[in-house]
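In: coords please:
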Amino acid sequence: MINLLQLIFFFTIIVSVASGSAVASNLPTCSNRVIQAVTAKSGCTVGDANCWMSKGGFCTDYITKRTQLASNDSPPRLVPISQAQVKKGDVAHFLKPMHYSYVESVVRDAGGKPVAVNLSEYNYGTCWVDEDSMVTDRYMRVNRRSVPVGRVDGGFLRPR
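Out: Residues are numbered from 1 along each chain as shown. Down below sits the predicted model:
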């Protein structure tokens, strides 16, 4: 079953591709060896968007798991917060390319101001396995990275 966060993500991708504002397509296509490894692990084939959606390997799936949005009886809510308020458990929202990451920790300067966030995420890859379905080599694989807060161009969200 598709959750609300997935629907928002895919609607935004469709709009940004149609308007020409998507930059995610700058990724190269993965090698055959990588494509075979990802399709074998997931059980999906290139071109089968329904299968990819159902397997739970996108960034929105990871956010849903980590924030436990799916376990609430009420509809999931992600509320915008200021950069100064960011803390572990929040969500970093990137616009170009559209992506969501889980905030594992915050790096602060001597004055307590956030300067970087340590993130974990799914599907933030280095090459396309299935570009039409937005599947990268990091589909269903946790990736970790540190990002300056100024590079989080969509801001931060807090699960409620």
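In: need the strands for the chain, in chain order.
Out: Per DSSP state E, the chain carries strands over the ranges 78-81, 91-95, 98-108, 114-121, 128-130, 135-136, 143-148, 156-159.
In: now for the longest one, which elements pack on it?
Out: Counting contacts by 3 or more Cβ pairs under 8 Å, 6 or more residues apart in numbering; DSSP states H and E, strand 98-108 packs against helix 4-19, helix 59-67, strand 91-95, strand 114-121, strand 143-148. (Each C-beta comes from the backbone N, C-alpha and C, glycine too.)
In: tell me which residues of it are tucked away?
Out: Neighbour-count burial for strand 98-108 flags 98, 99, 100, 101, 102, 103, 104, 106 (criterion: 16 or more other Cβ atoms under 10 Å).
In: Would you quantify the distance from the closest residue in space to residue 93 that isn't next to it in sequence to residue 42?
Out: Excluding its sequence neighbours, the residue lying closest to residue 93 (Cβ to Cβ, 6 or more residues apart in numbering) is residue 154, at 3.3 Å. Distance, residue 154 to residue 42, using Cβ to Cβ, to the nearest Å: 27 Å.
In: Just want to know which of those two has more residues nearby.
Out: Legend: neighbour count by other Cβ atoms under 10 Å for residue 154 and residue 42, higher for residue 42 (20 against 16).
In: quick one: contacts for residue 125?
Out: Applying Cβ atoms under 8 Å, 6 or more residues apart in numbering, we find residue 125 in contact with 27, 136, 137, 138, 139, 143.
In: And for the second one, the neighbour number?
Out: Yep, that's residue 136 we're talking about. Neighbour number of residue 136 under other Cβ under 10 Å is 25.
In: Might you report the residue contacts of it?
Out: Residues in contact with residue 136 (Cβ under 8 Å, 6+ apart) are 27, 30, 123, 124, 125, 126, 127, 128, 129.
In: Look at the last one and report its pLDDT.
Out: Confidence per residue is given as pLDDT, and for residue 129 that number is 98.
In: before we move on, what about the third one?
Out: Here, the pLDDT recorded for residue 123 equals 97.
In: Please report the distance of the nearest residue to residue 46 once chain neighbours are set aside from residue 93.
Out: Distances taken as Cβ to Cβ, 6+ apart put residue 130 closest to residue 46, at 4.6 Å, once the chain neighbours are dropped. Distance, residue 130 to residue 93, by Cβ to Cβ: 23 Å.
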